[in-house]
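Colleague: Quick one: sequence plus predicted model below, questions after.
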Amino acid sequence: MTGEAPDLELEAVSKRYGDAWAVRDASFRVLRGEFVTLLGPSGGGKTSTLRMIAGFIRPDAGQIRLRGERVNEVPPYERDIGMVFQSYALFPHMTARDNVAFGLKMRRLDRRATARRVDEALALVRLEAYAGRYPHQLSGGQQQRVAIARALVIEPSLLLLDEPMSNLDAALRASMQFELRQIVERVGVTTLYVTHNQEEALSMSDRIIVLSSGRIEQIGTPLDVYASPANEFVAGFLGRSNVIRCRVLERGGALITAKMESGDTIAARAPEAAPGEAVRLLIRPESISIRPAGQSGENCLQGRVSQVAFMGAFAEYVVDAGGTALLVQEPLGGGRGVRRPGERVTLWWDPALAVALRGAPPEAGRP
Amino acid sequence: MRVRSAAALAAAGEREAAGAGALLLAPALCLFALFAAALAAFFGLSFRRVDPSGAVIGDALTFANYGKALTDWLYLRTMLLTLQLSVQTTVAAVVLGFPLAYWIVRSRSRLVRAALIVVVAVPFMTSLIVRLYALTLVLGNTGLINRTLQAVGVIGPDDFVPLIRNQASVVIGLIYFVLPFVVFTLASALRRLDLTVEEAAQNLGADEVRTFFLVTLPLAGPGVIAAASLGFALSATAFATPLILGGSAVKMIANMIYDQVLFVHNVALGAALAVIALLATATVTSVYARLGAGAAEGPGA
């Protein structure tokens, strides 16, 4: 850790509306040049968090610091933050060029420097040819580019993006994800991105902050939160997971062996669970492999295919293993056919890919 | 066979529906014809000569009434005064009404919003005449304000400040009259305005004042023009307000026409004045409408 303060730091920030907590006790940091995503379902507190950072709403408790300075009471126009709104919020009475120039005019930059920087920003988003158009003359994707250029041209200390892809169609969304990441990297701006789309979060971020019901569930790299979810909510929100209830029999190193309710013994990664403890094992459908029926050995479960779905590149099966229904994905490359319902199979997984969660299971609806 | 008869039935049904539609339109058309006939008769009268009793003389057409209306300082002065008072009223009503409308639309408190709407709307529910007489009780020479000033000792016990039968009192009355129309027109325009656009301006470094003048006001432009146009049209055609608050001291064009027709019996001159007033108001309103349409479409559209 150098002596430099993080570009953004939230410390125990809370916001409530009446009895409902929009954000509860949120603490995190975004370091210089980092791309961090706030990921969660709608109503999870993402947008409230973003609006507090931008200065449109004030936190009830906690500290928000930009480059080490507390900004809780600083009005939005003095925060030096660039923001891309979900609706883009372009000024309808100004051309693309004037939209982009607005922030520089507010900073009283001289005319020549303004023109140069606006040109650069428009070139960055490849909109030079559309500078004279009004927002209503631009497509959704072009409007989004103007919004990005407008936010970046002021060279903000922090870039906020509020669900910027939600108004684009699927094809455009995929290419914009890639392009946005490139633009942000080229400019080197510290970025906080809000989305409810797990694919966007996984593909774009350096780190992901998973939010639910106003609380931070987990902070980690995309690989961390996907492979080692902190709880069932994170596991369920980022992709799908099988949850297996079992009791720890013994441990060896970071691995445990545990007994399922069916009586089968399985292995998983659980650095902290103690023998005798009830745990829930999380295992991704693509981490389970299917072997010929009747194989035995460590981590082998006998089962019967009960449901089949052809998904193109892979097949999805529900396999009944001693009373526990497990979702399994199997790649179909190399001419492998889809299995039939009723087929008997052996399931196996690498114990390192199964994560054991300790503690009581969550109540319905909220971990 | 059956199919054809069904189609025939459907066609007959449509014809019947169209007939019923025309029938429903008939009362409105009759009323419209009545208004048009009245206006046409008045328009015709403005080109006639009348005797002192008000009876039309001969069949000859003349522009003399228009000549008199447009050259006699008495009438010109009334027209200019009408223009002046209407502009003053419009400007004041828009300036006063904008913050009110903004507050109604933007207030987060439902109570504040409801209270403001009631304050603005209640005058709508009382007769204009009643409201104007109520105003005279406040502004009159022995009215609330003058008595308060006497009681406090600002003026002598038999003294008074003239707050009535002058231009200021007429403008106050006109503002009172047009303000609800202006506020509601502005409010509906402001309600359509996207709040995040203002947030974007603030995010880019514009404080509240610059956000208002650079974003809110330009985007509310068509609404302001519509409100001003309505305010102007209502003021320019006001009759009861100058009559009650201005008396013989302040006469607007509608009062002048009324006097010509009822007291001077010069119906022809009254008609000519009315036609001129109508054309003037229509011109101003259409200019406003053009401005409003231009602002709504946005430049370059």
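Modeller: It's in. Numbers count the residues shown, from 1 in each chain, chains lettered A, B, ... in the order given.
Colleague: Please tell me how far the residue in the stretch 1-150 of chain B that chain A sits nearest to sits from A:S14.
Modeller: At 11.0 Å from chain A, B:R108 is the closest residue in the stretch 1-150 of chain B, using CB to the nearest CB. Just so you know, the C-beta spots here come from the backbone N, C-alpha and C atoms, and that holds for glycine as well. Distance, B:R108 to A:S14, by CB to CB, to the nearest Å: 20 Å.
Colleague: B:G221 too?
Modeller: In terms of CB to CB, B:G221 sits 41 Å off from A:S14.
Colleague: Same question for A:L249.
Modeller: A:L249 is 42 Å from A:S14, by CB to CB.
Colleague: B:V105 too?
Modeller: 30 Å.
Colleague: A:V194 contacts A:L50, correct?
Modeller: Yes: in this structure, A:V194 is within contact of A:L50 by CB atoms under 8 Å, at 5.2 Å.
Colleague: which one of these two has more residues nearby?
Modeller: A:V194 (26 against 23; other CB atoms under 10 Å in any protein chain shown).
Colleague: show me what contacts the more buried one?
Modeller: A:37-38, A:46-47, A:49-50, A:160-163 (CB atoms under 8 Å, 6 or more residues apart in numbering or on different chains).
Colleague: again, only using 6 Å
Modeller: A:38, A:46, A:50, A:162-163 (CB atoms under 6 Å, 6 or more residues apart in numbering or on different chains).
Colleague: Looking at the residues you listed, which are in strands?
Modeller: Taking DSSP state E, the ones among these that sit in strands are A:38, A:162.
Colleague: ok so, going back, of B:R108 and A:S14, who's got more company?
Modeller: Using other CB under 10 Å, the more surrounded residue of B:R108 and A:S14 is A:S14, with 17 against 6.
Colleague: Quick one: the strands in the stretch 151-300 of chain A, in order.
Modeller: For the stretch 151-300 of chain A, the strands defined by DSSP state E, counting those that start in this stretch cover A:158-162, A:191-195, A:207-212, A:215-220, A:242-252, A:255-260, A:265-269, A:278-283, A:288-292.
Colleague: winner for burial among those?
Modeller: Comparing the strands of the stretch 151-300 of chain A by mean neighbour count (mean count of other CB atoms under 10 Å in any protein chain shown), strand A:191-195 ranks first with a mean of 26.
Colleague: what's the closest non-adjacent residue to A:P164?
Modeller: Once flanking residues are discounted, A:P164 sits nearest to A:V84: 5.0 Å by CB to CB, 6 or more residues apart in numbering or on different chains.
Colleague: these two touch, right, that neighbour and A:E163?
Modeller: No: between A:V84 and A:E163 there is no contact under CB atoms under 6 Å: 9.3 Å.
Colleague: so what's in contact with those two at the same time?
Modeller: Counting by CB under 6 Å, 6+ apart, no residue touches both A:V84 and A:E163.
Colleague: So between those two, which is more surrounded?
Modeller: In this view A:V84 and A:E163 are compared by other CB under 10 Å, and A:V84 has more residues nearby, 26 against 20.
Colleague: which residues does that one contact?
Modeller: Neighbouring residues of A:V84 by CB under 6 Å, 6+ apart: A:147-148, A:151, A:161, A:164.
Colleague: where in the chain is pLDDT low?
Modeller: No chain in the question, so chain A it is. Across chain A, the ranges flagged by pLDDT under 70 are A:1-3, A:359-367.
Colleague: look at chain B instead
Modeller: Low-confidence segments of chain B (pLDDT under 70): B:1-18, B:294-301.
Colleague: quick one on the thing from earlier: beta partners of the residue nearest to A:P164?
Modeller: With DSSP bridges applied, A:V84 shows beta-bridge pairing to A:L161.
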